[in-house]
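1. sequence below, structure please.
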Amino acid sequence: MSRPAAEDALSRFLAAELARSEDGAERSAELTESAEEALFALFAALPELAPPAGFAERTLARAGVGALETMAARSRRWAPWQRGLLLAALAGVAWSASWVPAVLKALGHLVSPVGLINAANGAATAMILGLSEVLELGQRILVLGLVVSHPFKTPTAAWVGAACLGASWLAFRSLRDLLSRQRSWAHVEPV
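-> Okay, here's the model as predicted:
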């Protein structure tokens, strides 16, 4: 779109918006449509945003992406010693597969279903005994707390607690006043 056509679309848009604000609701839909058409014409007149030619290639070359691609291609090729190590590992796995069933069969005679049930029963019993010891310790701590807190339920203890709170409040207020008041160096003699 040429410059005069863009100025014409801008003037149409502004005129439609001004008329819509002055007219009210009578011709609002018609004016809104003409304002939108003019605005779309203005948007169509804008140049498309695109980087200059060769921008991506220059940026990638400056970042060294070409070197990364060659390193990646090199890393995909396995060295002969890496291939040999992989083959040795696979041969070891295949060889162990031949004697694993015999070992499991020998270990199966060491562990019987009765032994597993006895082990599970012993573990459950040990867990229950440990839990009961923890609960007994908790009960003793609760009794100790009740014994220690009993004197604090008297009116005298309440008055002492209130007095302590009042003293700490006064100390806090005086300390805050000391820290927040204005200081001057007028009383200090020059050296």
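2. what's the next secondary structure element after the biggest helix by length in the chain?
-> If you go by DSSP state H, the chain has its longest helix at helix 113-149. The helix or strand immediately downstream of helix 113-149 is helix 155-180, counting by DSSP states H and E.
3. the longest helix of the chain vs helix 155-180, what angle?
-> Interaxial angle of helix 113-149 relative to helix 155-180 (axes from the mean of the first three to the mean of the last three CA atoms, to 10 degrees): 80 degrees.
4. please, which helix or strand holds G92?
-> helix 80-110.
5. list the buried ones in stretch 99-119?
-> The neighbour-count check on stretch 99-119 (16 or more other CB atoms under 10 Å) flags nothing as buried. In this view, the C-beta of every residue, glycine as well, is placed from N, C-alpha and C.
6. and the end-to-end length of that stretch?
-> Counting by CA to CA, to the nearest Å, you get 28 Å between the two ends of stretch 99-119.
7. gap between it and the chain center?
-> Offset of stretch 99-119 from its chain centre (CA atoms, centre = their mean, to the nearest Å): 47 Å.
8. domains for this protein, by residue range?
-> What automatic domain parsing lists as the domains of the chain is 1-47, 118-150.
9. in terms of mean pLDDT, which of those domains ranks lowest?
-> For these, the bottom mean pLDDT is recorded on domain 1-47, which sits at a mean of 77.
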